[in-house]
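Asks: Provide a 3D model corresponding to the input given below.
(one chain, ligands or ions: 1)
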Amino acid sequence: MLNGKVALVTGSTSGIGLGIAHALAREGATVVLNGLGNASDIEATRAQLAADTGADIRFIGADLSSADAVASLIAQIETDLGRLDILVNNAGVQHVAPIEDFPPEKWDLILALNLGAAFHTIRLAVPGMKQRGWGRIINVASAHALVASPFKSAYVASKHGLLGLTKTVALELAEHGVTANAICPGYVMTPLVQKQIPDTAKARGISEEEVIRDVLLASQATKRFVEVDELGALAAFLCSDGAASITGTALPVDGGWTAH
Ligand code: NAD
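Replies: Residues are numbered from 1 along each chain as shown. Prediction:
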């Protein structure tokens with residue numbers, strides 16, 4: 001279905017991004033992985049994905065909290081592969097602390113990566129998409145693009161902002177064959193969630209087991225974590241011709257969380 005298309009999935013060395021990369025590669029897309037981490041681990045991930053799917057899988061390891069690094073990443077893709085058809089803005093970080101203790105440098109990093117990087121990838125990828133009359137922009141937002149939780153000021157602000165960016169871009173590109181949508185996952189057990197459990201326990205004065213039961217899964221009506229494959233399946237659908245009229249949306253995949 002996606003043969004001949006080139007996809008970039010930012011932050012795809014682990015978690016949700018890697019799941020989406022799998023799904024797009026299975027559909028035949030050439031996939032550029034991006035993210036931070038140990039070089040030999042990343043090469044093993046890249047090689048495994050290529051072996052599993054038979055797709056052409058590349059890795060470009062830019063730190064996307066820097067606008068210059070984003071520009072180099074997009075330029076390298078266009079030089080090496082000649083096009084960028086599917087842009088999945090997924091790289092993101094979290095920090096959990098009460099507002100009065102929230103470190104300003106964490107605020108700056110979260111806004112730069114979760115929101116700023118998406119602005120820069122989109123502004124740089126759109127000219128080629130418009131020229132070819134086809135494109136798919138998928139922003140991995142969060143249920144926190146729709147509702148808030150305490151102690152996550154920067155993250156919630158960045159994800160609400162990312163949804164606003166998604167809607168704006170969707171309207172600008174609607175007559176050019178380019179769609180833009182936000183996937184809004186509930187909790188998925190990835191390194192990002194594992195890392196916040198101790199800080200959430202500290203901020204709320206409860207145990208880590210209570211964080212999982214009473215905080216993370218409290219509003220998720222299914223009482224289970226969302227699976228990365230479920231998010232990959234939605235991303236692949238959004239890239240299909242059947243999804244050509246789906247644009248400017250927030251698509252919750254949250255086990256019923258935001259239905260409350
Ligand atoms: P993760 O920690 O497993 O993956 C994050 C990815 O981003 C990794 O590949 C990491 O290397 C990369 N990354 C981190 N800093 C980077 C930087 N400066 N430049 C480039 N890459 C960088 O996390 P995840 O849970 O898979 O999160 C992926 C996205 O999904 C994030 O945007 C997150 O906000 C969102 N999300 C996650 C959940 C969840 O419950 N896990 C829920 C809703 C939304």
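Asks: what about the residue of the stretch 51-200 of the chain found nearest the ligand, which SS state?
Replies: Relative to the ligand, the nearest point of the stretch 51-200 of the chain is residue 92 (2.3 Å; C-beta to the nearest ligand atom). Any C-beta I mention is one placed from the backbone N, CA and C, and that applies to glycine too. Counting by DSSP: H, G, I helix; E, B strand; the rest coil, the backbone at residue 92 sits in coil.
Asks: What's the per-residue pLDDT of it here?
Replies: Looking at residue 92, its pLDDT reads 97.
Asks: and if you look at residue 70?
Replies: The per-residue pLDDT of residue 70 was computed as 98.
Asks: next one: residue 112
Replies: 98.
Asks: isn't it right up against residue 63?
Replies: No - Residue 112 lies out of contact with residue 63 (C-beta atoms under 8 Å); the separation is 10.0 Å.
Asks: For those two, indicate the residue with more neighbours.
Replies: residue 112 (19 against 15; other C-beta atoms under 10 Å).
Asks: The stretch 151-260 of the chain against the ligand: which residues are in contact?
Replies: Taking C-beta under 6 Å from any ligand atom as the test, the list of the stretch 151-260 of the chain residues beside the ligand reads 185, 187-188, 190-193.
Asks: who's in contact with residue 259?
Replies: residue 221 (C-beta atoms under 8 Å, 6 or more residues apart in numbering).
Asks: What is the worst-scoring helix or strand of the chain on mean pLDDT packed up against?
Replies: Every helix and strand of the chain was ranked by mean pLDDT, DSSP states H and E. The lowest is helix 191-204, at a mean of 90. Here helix 191-204 touches helix 208-210, going by 3 or more C-beta pairs under 8 Å, 6 or more residues apart in numbering; DSSP states H and E.
Asks: What strands line up against the longest strand anywhere in the chain, and which way round?
Replies: Assignment by DSSP state E gives strand 178-185 as the longest strand of the chain. Take DSSP bridges as the rule and strand 178-185 pairs in its sheet with strand 135-140 (parallel), strand 250-253 (parallel).
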